[in-house]
Every structure is written in C-alpha cells, then in structure tokens.
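Enquirer: 3D, please:
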Amino acid sequence: PKEGDFGRIHFTPASADDAEWLELRTFVQAALQPTLADAKDKIAMAAGQSAECWPCIGDTSVQAKAVKLCYVQTTGPRFETRSEIQQYARLGDIVGMTCSSEWTLAQELLVPYALVCAVDNSANGLSAFPGGPLQEYLAHKGAIADVTAMLVTRLASQLSARAGSM
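Expert: Numbers count the residues shown, from 1 in each chain. Here you go, the predicted structure:
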C-alpha cells in the first residue's frame, strides 16, 4: 500500500481518487477510440456507449451516476448451459471466464488494469444456429476477428510508444 493507504486487496478499481487507474482508463480510451471510425459497421455499441466515449461505458470518469455494469465470472472454457445463462442474465451484464480474477490480482499487486471486452460468445448455450453453438461461436468469432486485431494492434502500438517516452 502507498503511504496512508489501508491496503488495496479488493480495493474498488473504479475509485475516483485512484489517479493511476483513471489515467490508464483515459489512455486506453484515447488509444482505441479511432478504431470505431475504422470498423463502425462491425461494432455494436453496448448500453451506455456513445461514439465520443467508446470503448468506455458512459465516460472515462468515475461518478456516482455512472453506468454500472456487473461482470459475472464462470469456469471454462466451455459454453454455459441454458439454465446458467438464464441465471447469469439476472446477475450481471457480461459473462467471462478470467477478468474478475485478473482484476483482483492486478489490484493486489497495485498494477493499473483496464478491461477491454470483445464479446465472442453471445450466450451460445441458447443457440438455435444451424450447426449448433460451436458453429455460431466460430462464425461470430470470425466476424469480429478484424476488429479484435485492430484493437490489439492499436493498443500495443500506443503502449509501446508510451513506454518509449517514459
């Protein structure tokens, strides 16, 4: 912990007084935002997103009125069952298999962390897709491959440039 901190284990990553986290969030948003113009026809906005704040939800600040989302972590890799998907829909907004553990570890190590999600499994356990859930997953993953590559390339380039300027 920093001088005066009580400890950071399970410290909320969305704290308005965490300057490092806010700076990283703003940096990532600025680095990735041009991707929206390059791939607008392949990107679906989530509730609370706008072209100005994308890929963030709401904006880059932490406010009491900010859009609140809940990440539900599951065990994988696997497709969730129909029953699990129905329950997760009640509990949260996005389901994944690693980010909650990564976020907790990053906070314990005092490493700023930003989560950028590219949804590749849209509740495939409920699939009525010809060929079943695996084919739906593969088709969707193929459809977002270019956008994912643009995001990774752009962020890696910006992080490299940032590291070189430090």
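Enquirer: going forward, measure contacts and count neighbours with C-alpha atoms only.
Expert: Will do.
Enquirer: Quick check, Met97 in contact with Tyr71.
Expert: No: assessed by CA atoms under 8 Å, Met97 is found out of contact with Tyr71, at 9.8 Å.
Enquirer: any idea where the helices of this protein begin and end?
Expert: In the chain, the segments counted as helices under DSSP state H are 19-32, 34-38, 82-91, 99-108, 133-164.
Enquirer: Distance from the chain centre to the last one, please.
Expert: On the basis of CA atoms, centre = their mean, to the nearest Å, the separation between the geometric centre of helix 133-164 and that of its chain is 12 Å.
Enquirer: Would you mark the buried spots in that helix?
Expert: 133-134, 136-137, 141, 144, 147-148, 150-151, 154-155, 158 (16 or more other CA atoms under 10 Å).
Enquirer: what's the angle from that helix to helix 19-32?
Expert: For helix 133-164 against helix 19-32, the angle by axes from the mean of the first three to the mean of the last three CA atoms, to 10 degrees is 110 degrees.
Enquirer: Next, count neighbours for Gly76.
Expert: Per other CA atoms under 10 Å, the neighbour tally for Gly76 reads 10.
Enquirer: Please name the residues that touch the residue lying closest to it once chain neighbours are set aside.
Expert: Counting by CA to CA, 6 or more residues apart in numbering, Met97 is the residue found nearest to Gly76 once chain neighbours are left out, at 5.9 Å. Taking CA atoms under 8 Å, 6 or more residues apart in numbering as the criterion, Met97 is in contact with 73-77.
Enquirer: Could you pick out the buried ones from those?
Expert: By 16+ other CA under 10 Å, these give 73-74 as buried.
Enquirer: so of the contacts of Met97, which ones are in strands?
Expert: Residues from the contacts of Met97 lying in strands, with DSSP state E as the criterion: Gln73.
Enquirer: So Trp103 versus Arg78, what's the distance?
Expert: Counting by CA to CA, to the nearest Å, the separation of Trp103 from Arg78 is 21 Å.
Enquirer: ok, those two, which is more surrounded?
Expert: Neighbour count, other CA under 10 Å: between Trp103 and Arg78, Trp103 has more, with 19 against 9.
Enquirer: do you know how far the more buried one is from Gln29?
Expert: Counting by CA to CA, the gap from Trp103 to Gln29 is 18 Å.
Enquirer: JSON lines please, covering the helices of the chain and showing distance to Ala118 and mean pLDDT.
Expert: Below are the helices of the chain laid out as JSON lines (distance: least, CA to CA, whole Å; pLDDT from 0 to 100):
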{"stretch": "helix 19-32", "distance to Ala118": "12", "mean pLDDT": "87"}
{"stretch": "helix 34-38", "distance to Ala118": "13", "mean pLDDT": "92"}
{"stretch": "helix 82-91", "distance to Ala118": "18", "mean pLDDT": "90"}
{"stretch": "helix 99-108", "distance to Ala118": "12", "mean pLDDT": "83"}
{"stretch": "helix 133-164", "distance to Ala118": "7", "mean pLDDT": "90"}
